[in-house]
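A.B. asks: model this:
(chains A and B)
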Amino acid sequence: MAVGKVTFSKAEREKLAEVLWLLNWISVVTGVILFSLGLFLKVEIQKWAEVMSEHGTFYVPHMLITTGLAACCINYLGGQICLDCADTNKFLRWKLVMMPYIVCTFFFTSCVLAGALMCYSIRSQLEESLFLGLRNAMRYYKDTDTPGRCYLKRTVDMLQIQFQCCGNTGYRDWFQIQWISSRYLDMTNSAVVDRLRSNVEGKYLMDGVPFSCCSTFSPRPCIQQHLNNRTAHLHYDQQSQQQNLWRRGCRQALLDHYTGIMESIGLTVLLIWLFELLVLTGVRYLQTAMENVLLLGDPDLESYGWILENSLAEMARSNFNIIKNLGKCYQVDDDPNINVPTAAAEREVPSQQVQVPVTS
Amino acid sequence: MALMLVKFDLKKRVKLAQSVWFMYWFAVLAGVLVFSMGLFFKIELRKRSELMDNNESHFLPNLLILMGLIACGINAFGGKVCYDSLDPTKFAKWKPMLKSFLVFCVVFNALLFVTALLCFLMRIPLQFTLAEGLRNGMKYYKDTDTPGRCYMKRTLDLMQMEFRCCGNDNYRDWFEIQWVSNRYLDFSAKEVKDRIGSNVDGQYLMDGVPFSCCNPSSPRPCIQLQMTNNSAHYSYDHYTEELNVWKRGCRDALLSYYGGMMNTIGALVILVIMLEIAVTVGMQYVNSSLSTLANPEDPESESEGWILEKTVKETFTDIMDKMKAMGKGGKVEEGGEAAVATVS
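C.D. replies: I've put the predicted structure just below:
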């Protein structure tokens, strides 16, 4: 019982071949789209790679890039094959390649699906990476004289300005780290020394934030220092506090930004996957139809095309039998034409040898 | 003696018509390009009209938009005429219009040249508009409670961050105006009263700048207040401090931004002019080659094509004579015919 059995006349086969040729070329274009989506994602992640702690997030864009390139090659080959398939003579050239090609394309299509699913599942890994990366970036904010970290201040400032965020979870994260370098602290000043001493680790902590946390929506000039001290500023009421600095944390801002990008990319890749599956089904039908026509001998006859020759259960059973028989090749066979040395034949030889010396 | 005389047979005529038709389609795209450049420029001016005191002249972008539309129209018409020129019957209906169409094309090219010139010259009035607008913008920075000016603070902050500039000429412009609103000044504090008193206009002036002037590339946290007081900050010398705030003035920054945009647009308009000249010359050849068929009934006969029927000098005197004749024709008609006869 074949799966998805359809009859094809000669004209229908030729039409199918033409349509598949066109679809394969469209698939080449979608392969280019896939490649460029991967490239775009890579560039976007690269932009803020300094505030991400690990580079595990590069799997997704690399996967998309390789699948895009593979799509172009596979579908170009598919286009060539389908162009030739309209004619039975040219099909003979490709006959042996067709089955491996279809199996390859099937695996490739599942890679595309895996790529799409990865886009959706990357969120938790990204959150962890951003949490650690931002924490380190804020810790090294003051180290503008240390090679390898001297641009972190600029990166964090640009990040906070562009994404309109402050700190990791909120602006209070800046209160817990020393973001002013000791180079710019007057150690002879008693206030500074007091602050350093009031702290177990000897860090200069203060209730102030860098200028990049300032909100452009605030009606009053930005208040960056003494944020916890209500009396230090005139009319520093609840509303002033709300509008003064950016309220969102940078982790949330970046997460939303990347999740948005990846969701759109994931949706596009899913659509491309469905299209590829459609093309694969068409090619399978064309292959089976052409093979059956060759079996019938006359290229003008109608032939059957199917997805699977037997039902799924039968195919599984036959595959299982093949695997079982692979293991059996060294055991006893019931075929009488094969001369298999048995234990009985071995016993016969020594008894004859014993008889010979007695008679002579 | 015609100018640039070329002999044509049927094959050459067909090739000429086809290539001119092709060029006309490029010219239509060029017209669309000019239109979109005008639109883009208009939008950019609108975006920052607050900084130009709502006083900026939209003459140039409007002119570009108009020129783009006319170019599209002319070139589409020219393309259609070229396409029909291969068929003598269809061409016959366009023939009477062609001469005036070509004159119109020449006039249009001259106007395009004027537009390109304007693109390069517009920089000068823009400079004055920007200087005035920025000065006022900074004056109204603190008026976030006045309707009509409440977004000036945000606009200025965003502009200073985007264009990496501070103040009008440089950051010291902020020292000369009061950018902190009185609502947030504690008038009972001695320091505030001293500052306001030390000043003729009673303004709270200070040697500080808003946060948007801060340069993120600075190795130390931004010093915005008491900028000229070296002792207020540890290890700080305001004469040698380069990276603390943006050094550039916003007028310079905006001028170079808009100036660059206008230079690019001017250069592209000049390229479009060259394309238009080419298609006009091509159309003139098509027109002249189809009007001078040796045997009007036989489409395969030879013909000649030229840019001008007579030399430049003779054409010029002809035009002057015609204009004089038109001028005299408006006068009293009694001696009019005799006058026309003597002139021609």
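
A.B. asks: spatially central residue for chain B, please.
C.D. replies: Nearest to the mean C-alpha position of chain B, by CA atoms, centre = their mean, lies B:Cys119 at 4.1 Å.

A.B. asks: return the distance of that one relative to B:Val269.
C.D. replies: In this view, B:Cys119 and B:Val269 are 6 Å apart by CB to CB, to the nearest Å. Yep, even glycine has a C-beta here, placed from its N, CA and C like the rest.

A.B. asks: again with A:Ala86
C.D. replies: Counting by CB to CB, the gap from A:Ala86 to B:Val269 is 52 Å.

A.B. asks: equivalent analysis for A:Phe275, please.
C.D. replies: A:Phe275 sits 44 Å away from B:Val269, going by CB to CB.

A.B. asks: who has more neighbours out of those two?
C.D. replies: Comparing A:Phe275 with B:Val269 by other CB atoms under 10 Å in any protein chain shown, the one with more neighbours is B:Val269, at 25 against 16.

A.B. asks: and that one, what pLDDT?
C.D. replies: Listed pLDDT for B:Val269 reads 96.

A.B. asks: so which helix or strand takes in the closest residue to it other than its chain neighbours?
C.D. replies: Among residues not flanking B:Val269 along the chain, B:Ala116 sits closest, at 4.2 Å (CB to CB, 6 or more residues apart in numbering or on different chains). Using DSSP states H and E, B:Ala116 sits within helix B:88-121.

A.B. asks: over to B:Phe128?
C.D. replies: Assigned by DSSP H and E, B:Phe128 falls within helix B:123-139.

A.B. asks: who are the packing partners of that helix?
C.D. replies: Under the contact definition 3 or more CB pairs under 8 Å, 6 or more residues apart in numbering or on different chains; DSSP states H and E, helix B:123-139 sits against helix B:152-163, helix B:250-291.

A.B. asks: give me the low-pLDDT residue ranges for the stretch 101-250 of chain A?
C.D. replies: Within the stretch 101-250 of chain A, the set of residues satisfying pLDDT under 70 is empty.

A.B. asks: ok, which stretches of it are helices?
C.D. replies: Using DSSP state H, counting those that start in this stretch, the helices assigned to the stretch 101-250 of chain A run over residues A:123-139, A:152-163, A:190-197, A:238-244, A:250-296.

A.B. asks: CSV for the helices and strands packed on helix B:123-139, including distance to B:Gly31?
C.D. replies: Output for the helices and strands packed on helix B:123-139, formatted as CSV (distance: least, CB to CB, whole Å):
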stretch, distance to B:Gly31
helix B:152-163, 32
helix B:250-291, 8
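
A.B. asks: out of these, nearest to A:Phe211?
C.D. replies: Nearest of the helices and strands packed on helix B:123-139 to A:Phe211, taken as CB to CB: helix B:152-163 at 10.4 Å.

A.B. asks: pull the distance from the closest one to the chain's centre.
C.D. replies: Helix B:152-163 sits 25 Å away from the centroid of its parent chain (CA atoms, centre = their mean, to the nearest Å).

A.B. asks: redo the helices of the stretch 101-250 of chain A as JSON lines? Include distance to B:Phe40.
C.D. replies: Putting the helices of the stretch 101-250 of chain A into JSON lines (distance: least, CB to CB, whole Å) gives the following:
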{"stretch": "helix A:123-139", "distance to B:Phe40": "36"}
{"stretch": "helix A:152-163", "distance to B:Phe40": "23"}
{"stretch": "helix A:190-197", "distance to B:Phe40": "53"}
{"stretch": "helix A:238-244", "distance to B:Phe40": "34"}
{"stretch": "helix A:250-296", "distance to B:Phe40": "26"}
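
A.B. asks: nearest to A:Trp21, out of these?
C.D. replies: helix A:250-296 (10.2 Å).

A.B. asks: need the next SSE after the closest one, C-terminal direction.
C.D. replies: Following helix A:250-296 in sequence, per DSSP H and E, is strand A:303-305.

A.B. asks: which positions in the stretch 1-150 of chain B make contact with chain A?
C.D. replies: Residues of the stretch 1-150 of chain B found near chain A (CB under 8 Å from any CB of the partner chain) are B:144-145, B:150.

A.B. asks: correct me, but the residue nearest to the centre of chain B touches B:Asn263?
C.D. replies: Yes: B:Cys119 is within contact range of B:Asn263, at 7.4 Å (criterion: CB atoms under 8 Å).

A.B. asks: show me what contacts the residue in the stretch 1-150 of chain A that chain B sits nearest to?
C.D. replies: At 3.8 Å from chain B, A:Thr144 is the closest residue in the stretch 1-150 of chain A, using CB to the nearest CB. Neighbour list for A:Thr144: A:150, A:152-153, A:181, B:219-220 [criterion: CB atoms under 8 Å, 6 or more residues apart in numbering or on different chains].

A.B. asks: quick check: buried residues in the helix holding B:Phe128?
C.D. replies: B:126-127, B:129-134, B:136-138 (16 or more other CB atoms under 10 Å in any protein chain shown).

A.B. asks: tilt between that helix and helix B:250-291?
C.D. replies: Helix B:123-139 runs at 150 degrees relative to helix B:250-291, counting by axes from the mean of the first three to the mean of the last three CA atoms, to 10 degrees.
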